[in-house]
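[1] have a look at this fold, sequence not included:
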């Protein structure tokens, strides 16, 4: 096996889950996730010689972010004409559990979709990928202070949406009682 092929295989094995999580958290629907992840690694294969050793994760994140945005744009165009089924049922979960998980994921997606992309990106990297501020700043090529302020703002936006939903639910309960 050539050195190039070994490196590509190692990248796929080491970072497949990371790329999938990033794309899912950046709004790629389940129905398109496998294809988007595959496209990300096709880009990696094409650009392998351009990726500095040690910078693979950053390259993969930027690629995933770009492709997720592309998926989102295409999805927004199609949304007018068709409804996309985003969730495949699990054979192991009860219908109630599946419905609860689907609703929670849809709620999270709606909140994340409402965030500006710069805030959403930092929020996803910190809260879901558990990257530190310096790691995020390096990955996004922004100052650490910018990454920190975006994370603070993203948390405020996220909390604002949660508070709004809780208030709506309280009002529904009052009306129904």
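    Okay, I see it. Computed from a predicted model, the values in this text were never measured in an experiment.
[2] C-alpha only now, for contacts and for neighbours.
    Noted.
[3] which strands and helices lie in contact with the strand or helix carrying residue 65?
    According to DSSP states H and E, residue 65 maps onto helix 56-79. When contacts are defined as 3 or more CA pairs under 8 Å, 6 or more residues apart in numbering; DSSP states H and E, helix 56-79 packs onto helix 3-25, helix 30-47, helix 133-140.
[4] against residue 33, how distant is the residue most central in space within the chain?
    Geometric centre of the chain, nearest residue: residue 25, 2.0 Å, by CA atoms, centre = their mean. Note on residue 25: its distance to residue 33, by CA to CA, to the nearest Å, is 11 Å.
[5] re the thing from before, quickly note the distance from the residue nearest to the centre of the chain to residue 19.
    Per CA to CA, residue 25 is found 10 Å from residue 19.
[6] show me the domain layout of the chain.
    1-83, 92-177 (automatic domain parsing).
[7] make JSON lines out of those domains and add mean pLDDT.
    Shown next, in JSON lines, are the domains of the chain (pLDDT from 0 to 100):
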{"stretch": "domain 1-83", "mean pLDDT": "85"}
{"stretch": "domain 92-177", "mean pLDDT": "86"}
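[8] hmm, back to that, could I get the helices and strands packed on helix 56-79 as a markdown table with distance to residue 68?
    Formatted as a markdown table, the helices and strands packed on helix 56-79 follow (distance: least, CA to CA, whole Å):
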| stretch | distance to residue 68 |
| --- | --- |
| helix 3-25 | 6 |
| helix 30-47 | 7 |
| helix 133-140 | 15 |
